[in-house]
Structure formats: C-alpha cells, structure tokens
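>>> need a 3D model of the following:
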Amino acid sequence: MSDAPAPEEKLSYRLISGPDNREFCERISNALAEGYVLHGSPAAAFNGTSVIVAQAVVLPAAIASADAAVATAVDDLEAANEDLEFDGEGHA
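Numbering: from 1, shown residues only. So this is what the prediction gives:
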C-alpha cells in the first residue's frame, strides 16, 4: 500500500490574475497545456503602478456538464408549463 498523497483534483474553474508580464502569460500557457480553455475575455486594470490582468479558464468537461444541467432544467420547466394556460399577457 502506498502512502503517497492522492493527486489533487483539478478545479473546474480558475481565475488567474497578476501583473501583465511574462510570468502571467506562462501561467495561462501552463493552464492551457493542462487541458483548460479560456473562458470569456481577459480583464485589465491599472493599480497606479502597473497593469493587473485576469483571465478565467475552465475545463471543457465542466462546460459540458453545466450545459447538460441547463438543458435538463429547461426541459423540466417546459414540461411543467405544458399544463398551464396563458391569458396572452404572460399570466397563467
């Protein structure tokens, strides 16, 4: 039996931030190499001294899982609303 610690599970979502420099770009590149994909646009702010940037990254499986959950919720909502009659003004 091994006493080695279990590998840490990857987070589905990460927000990577820091000064806009080579180290930040390397951190993003490493996340991409680990299987993450960019999520949304990067953000940038000036703190009075330097530019601070942030980029969200997600695992593709997390996106697929979230999309499936939304699709199921929409289907459930549509099924629940099939029995309702609307008055044409958005009221049941």
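
>>> burial measure for the nearest residue to Y36 once chain neighbours are set aside, as a count.
Distances taken as CB to CB, 6 or more residues apart in numbering put V57 closest to Y36, at 3.9 Å, once the chain neighbours are dropped. All C-beta atoms are positioned from the backbone trio N, CA, C, and that covers glycine. Using other CB atoms under 10 Å, V57 is surrounded by 21 other residues.

>>> tell me what V57 is bridged to.
Here V57 sits in beta bridges with R14, L38, going by DSSP bridges.

>>> in terms of secondary structure, what does the biggest helix by length in the chain contact?
In the chain, assigned by DSSP state H, the helix with the most residues is helix 60-81. Using 3 or more CB pairs under 8 Å, 6 or more residues apart in numbering; DSSP states H and E, the elements in contact with helix 60-81 are strand 37-46.

>>> and the strand it packs on, what does it pack onto?
Going by 3+ CB pairs under 8 Å, 6+ apart, strand 37-46 lies up against strand 51-58, helix 60-81.

>>> tilt between the lowest-mean-pLDDT helix or strand in the chain and strand 51-58?
The helix or strand of the chain with the poorest confidence is helix 60-81; it has a mean of 76 (mean pLDDT, DSSP states H and E). Per axes from the mean of the first three to the mean of the last three CA atoms, to 10 degrees, the angle that helix 60-81 makes with strand 51-58 is 60 degrees.
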